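Enquirer: could you look at this predicted model? Sequence included:
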Amino acid sequence: MIIIDNTQVPDSHDVEPVNSANRRQQQLYAPRRKIFPKRVQGSFRKFKWIVMAITLAIYYAVPWIRWDRGPYAPDQGVLLDLANRRFYFFFIEIWPHEFYYVAGLLVMAGVGLFLITSTVGRAWCGYTCPQTVWVDLFMGIERVIEGDRNARIKLDQAPWSLEKVAKRVLKHASWLLIGAATGGAWIFYFADAPTLLADLVSLQAPLVAYLTIALLTATTYTFGGLMREQVCTYMCPWPRIQAAMLDEYSLTVTYNDWRGEPRGKPVKKAAPDAKPVGDCVDCKACVVVCPMGIDIREGQQLECITCALCIDACDSVMDKLGRDRGLISYTTLNDYSTNMQLAGQADGVIDPRKVRDSAGQLLPAVKHTDWRSVIRPRTFVYFLGWAAIGVAMMVVLAMRPSIGLNVLHDRNPLYVLLSDGSIQNGYDVKILNMTPQPRELLFTIEGLPGATLAGPGLSDGGAERLEISVEPDLVLPLRIYVRSPDQDLPPQSDFTMTITDGTATASTSVRFEAPEKQE
């Protein structure tokens, strides 16, 4: 640390951006060069810790939340019951024929991602993407075991020793344990968590459970511990897609060179003819904390995940220098361009004196980005589309019936002439009880006068109605025959099959086939 006029000037870090925009290799994939991010403190770093804690807590804890659905349904709050083809989400139960709810959620996720990106840039990538969250967790473990940036560089360059081996084994073992916990938590979403855990410990769980844990352990360890930023740069398509989502009013992490250039160290007393110097002292604090290994001062780059750690690092330097925060900030392109015009000269050279008054304060004409900068028609359209899908799904969910009736007419033969002259049609009927309670249902037909029901368990004479007991959360298949004594029926007649328990009713239109009349 250098002190000039009682001002602490940070030393310049000896670091070069690993993923420099000016030196990016023109190839599909480049071997990874290690990045040693420095620990940083600030509001964005705290926010990332909070988001990481919340998201990890949700991921690991949700399978253990209990939800009472009665004695006939599982009591796990969130359960993807593939064996019985059910999806339980607290008070919501999704059946196979209701997969459109899942499709709606995926559409909402896509529109929401467009909304977030058009408004605050790659905030998803910087804060809530699973890759970002687990890499943050792995890097935190790494710092605890091996120390901060300088200690890790020194350890990496040191010859192998007992201390180095011990630290590396401890670090990688910790990563593998996190990977195993990640895989274990994932499979708990597909079966009763306490039961599956007991089966895993006693080695009684299905083989697919162990294989899934092994696979997710390997991928979490590889992506979060070994590949890290390579996943974002080479495997994820979003950095390349996001350009279509951004416009001049989208918030992005930006180096404000209109006040930072030209770079230079502060001097004790500037000469009258000295060239103007911007706020950037070229300390490279923004580079040394970047987990992606870029220099934000080189402009927007596809590697940048807008985690804003460079903002925290730069703000701490500005605080030490007694200057305004925001040399690196969340800014819209529109505001940035306005300030660049304010600081620019006719020859295109930035003059930072043009954005400050005689007391060194930023002029009132300097535009500062706030929440009003991102509220515009585009974000409203995205939000309205996102909200409309959600409201429509809630309305359909609230109005869906608790029982269902599906009927399929026999294709061959279409009808059968019985010995007494009556006509019989066969139907495969499926009755859905979409509640976790048993139900007593009444099965009737309407619109076919004189017709009766026949089938397994019914008398040969048939019946006008059928009382059916349906187990909870079950599809009951039935073989039903409809007989009509009317020999003068037209070749095709429509009638209605109905089931009801007095509170809920389901019906469907059915066709009755008869022989054509002979002339």
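Expert: Sure thing, it's come through.
Enquirer: distance check, residue 182 against residue 125.
Expert: From residue 182 over to residue 125 the distance is 19 Å, taken as Cβ to Cβ, to the nearest Å. (Glycine included, C-beta is placed from N, CA and C.)
Enquirer: then residue 76?
Expert: Separation of residue 76 from residue 125 (Cβ to Cβ): 31 Å.
Enquirer: swap in residue 374?
Expert: In terms of Cβ to Cβ, residue 374 sits 17 Å off from residue 125.
Enquirer: and residue 517, by the same measure?
Expert: For residue 517, the distance to residue 125 (Cβ to Cβ) stands at 72 Å.
Enquirer: what are the contacting residues of the strand or helix carrying residue 395?
Expert: Using DSSP states H and E, residue 395 sits within helix 377-399. Contact partners of helix 377-399, identified using Cβ atoms under 8 Å, 6 or more residues apart in numbering, comprise 92, 101, 104-105, 107-108, 111-112, 114-115, 118-119, 247, 249.
Enquirer: that one: what's the following helix or strand?
Expert: Per DSSP H and E, the helix or strand that comes after helix 377-399 is strand 403-409.
Enquirer: would you mind writing the CA trace of that next one as PDB?
Expert: Taking Å, rounded to 0.1, in the frame of the first residue of the first chain, the C-alpha atoms of strand 403-409 are listed here in PDB:
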ATOM      1  CA  ILE A 403     -63.000 -37.100 -11.300                       C
ATOM      2  CA  GLY A 404     -62.600 -38.100 -14.900                       C
ATOM      3  CA  LEU A 405     -64.200 -40.400 -17.500                       C
ATOM      4  CA  ASN A 406     -62.600 -41.700 -20.600                       C
ATOM      5  CA  VAL A 407     -64.500 -44.000 -23.000                       C
ATOM      6  CA  LEU A 408     -63.300 -45.900 -26.100                       C
ATOM      7  CA  HIS A 409     -65.800 -47.700 -28.400                       C
END
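Enquirer: now do the helix or strand just after it: distance to the chain's middle.
Expert: Heading C-terminal from strand 403-409, the first helix or strand you meet, by DSSP H and E, is strand 416-417. In terms of Cα atoms, centre = their mean, to the nearest Å, the centre of strand 416-417 is found 58 Å from the chain centre.
Enquirer: and the angle for the helix or strand following strand 416-417 with strand 403-409?
Expert: For strand 416-417, the following helix or strand on the C-terminal side (DSSP H and E) is strand 423-433. Between strand 423-433 and strand 403-409, the angle comes out at 150 degrees (axes from the mean of the first three to the mean of the last three Cα atoms, to 10 degrees).
Enquirer: list the buried residues for strand 423-433?
Expert: 423-427, 429, 431-433 (16 or more other Cβ atoms under 10 Å).
Enquirer: what's the farthest-apart pair in those residues?
Expert: The span of those, defined through Cβ to Cβ, is set by 423 and 433 at 31.3 Å.
Enquirer: about what we covered before: neighbour count: residue 374 and residue 125, which is higher?
Expert: residue 125 (22 against 18; other Cβ atoms under 10 Å).
Enquirer: how about that one, what does it touch?
Expert: Per Cβ under 8 Å, 6+ apart, neighbours of residue 125: 132, 232, 238-239, 305-307.
Enquirer: repeat for residue 306
Expert: Contacts of residue 306 (Cβ under 8 Å, 6+ apart): 120-123, 125-126, 252-253, 330.
Enquirer: can you list the residues you listed in JSON lines and add distance to residue 72?
Expert: Converted to JSON lines, those look like this (distance: Cβ to Cβ, whole Å):
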{"residue": "120", "distance to residue 72": "45"}
{"residue": "121", "distance to residue 72": "48"}
{"residue": "122", "distance to residue 72": "46"}
{"residue": "123", "distance to residue 72": "43"}
{"residue": "125", "distance to residue 72": "44"}
{"residue": "126", "distance to residue 72": "45"}
{"residue": "252", "distance to residue 72": "53"}
{"residue": "253", "distance to residue 72": "53"}
{"residue": "330", "distance to residue 72": "52"}
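Enquirer: which among those gets closest to residue 52?
Expert: Checking the contacts of residue 306 against residue 52 with Cβ to Cβ, the nearest one is residue 126 at 11.6 Å.
Enquirer: name the SS class of the closest one, please.
Expert: helix (DSSP: H, G, I helix; E, B strand; the rest coil).
Enquirer: ok, and the closest non-adjacent residue to it?
Expert: Closest residue in space to residue 126, ignoring its immediate chain neighbours: residue 307 at 3.9 Å, by Cβ to Cβ, 6 or more residues apart in numbering.
Enquirer: biggest separation within the contacts of residue 306, which pair?
Expert: 125 and 330 (14.1 Å).
Enquirer: what is the burial count for residue 103?
Expert: Counted with other Cβ under 10 Å, residue 103 comes out at 11.
Enquirer: okay, it and residue 62: tell me how far apart.
Expert: 22 Å.
Enquirer: please apply the same query to residue 468.
Expert: Distance from residue 468 to residue 62, by Cβ to Cβ: 37 Å.
Enquirer: name the residue in these two with the higher neighbour count.
Expert: Using other Cβ under 10 Å, the more surrounded residue of residue 468 and residue 62 is residue 468, with 18 against 15.
Enquirer: any idea which helix or strand in this protein has the lowest mean pLDDT?
Expert: strand 2-4 (a mean of 46; mean pLDDT, DSSP states H and E).
Enquirer: flag the shaky bits of the stretch 51-200 of the chain, pLDDT-wise.
Expert: Within the stretch 51-200 of the chain, no stretch falls below the threshold (pLDDT under 70).
Enquirer: now do residue 7, the pLDDT please.
Expert: pLDDT recorded at residue 7 is 50.
Enquirer: nope, residue 301 is what I was after
Expert: So, for residue 301, pLDDT stands at 87.
Enquirer: residue 28 too?
Expert: Taking residue 28 on its own, its pLDDT is 61.
Enquirer: cool, residue 389 as well?
Expert: The model's pLDDT for residue 389 equals 93.
Enquirer: that one and residue 467, how far apart?
Expert: Taking Cβ to Cβ, one finds residue 389 at 41 Å from residue 467.
Enquirer: out of these two, which sits in the more crowded spot?
Expert: residue 389 (17 against 9).
Enquirer: skip the chain neighbours and tell me the closest residue to that one.
Expert: Spatial nearest neighbour of residue 389, chain neighbours left out: residue 108 (5.1 Å); criterion: Cβ to Cβ, 6+ apart.
Enquirer: over to residue 183?
Expert: In space, residue 183 is closest to residue 216, 3.2 Å off (Cβ to Cβ, 6+ apart).
Enquirer: the one you found: what's it in contact with?
Expert: Counted by Cβ under 8 Å, 6+ apart, residue 216 has contacts 179, 182-183, 186.
Enquirer: among these, who's most crowded?
Expert: Neighbour-wise, the contacts of residue 216 (other Cβ under 10 Å) top out at residue 179, 24 neighbours.
Enquirer: can you give me phi and psi for that one?
Expert: The phi/psi pair for residue 179 (degrees, to the nearest 10) reads phi -60, psi -40.
Enquirer: which ones are touching it?
Expert: Taking Cβ under 8 Å, 6+ apart, one finds 216-221, 224 in contact with residue 179.
Enquirer: do I have it right that residue 325 meets residue 317?
Expert: No - Residue 325 is beyond contact range of residue 317, at 9.7 Å (criterion: Cβ atoms under 8 Å).
Enquirer: so between the two, which is more surrounded?
Expert: residue 317 (21 against 13).
Enquirer: so the more buried one is in which element?
Expert: helix 309-321.
Enquirer: pull the CA atoms of that helix into PDB?
Expert: C-alpha atoms of helix 309-321 as PDB (Å, rounded to 0.1, in the frame of the first residue of the first chain):
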ATOM      1  CA  LEU A 309     -17.700  -8.800  -7.600                       C
ATOM      2  CA  CYS A 310     -15.600  -6.400  -9.600                       C
ATOM      3  CA  ILE A 311     -18.000  -3.600  -8.400                       C
ATOM      4  CA  ASP A 312     -17.300  -4.500  -4.800                       C
ATOM      5  CA  ALA A 313     -13.500  -4.600  -5.400                       C
ATOM      6  CA  CYS A 314     -13.500  -1.200  -7.200                       C
ATOM      7  CA  ASP A 315     -15.800   0.400  -4.700                       C
ATOM      8  CA  SER A 316     -13.500  -0.500  -1.900                       C
ATOM      9  CA  VAL A 317     -10.600   1.100  -3.800                       C
ATOM     10  CA  MET A 318     -12.600   4.300  -4.500                       C
ATOM     11  CA  ASP A 319     -13.500   4.400  -0.700                       C
ATOM     12  CA  LYS A 320      -9.800   4.300   0.100                       C
ATOM     13  CA  LEU A 321      -9.100   7.100  -2.400                       C
END
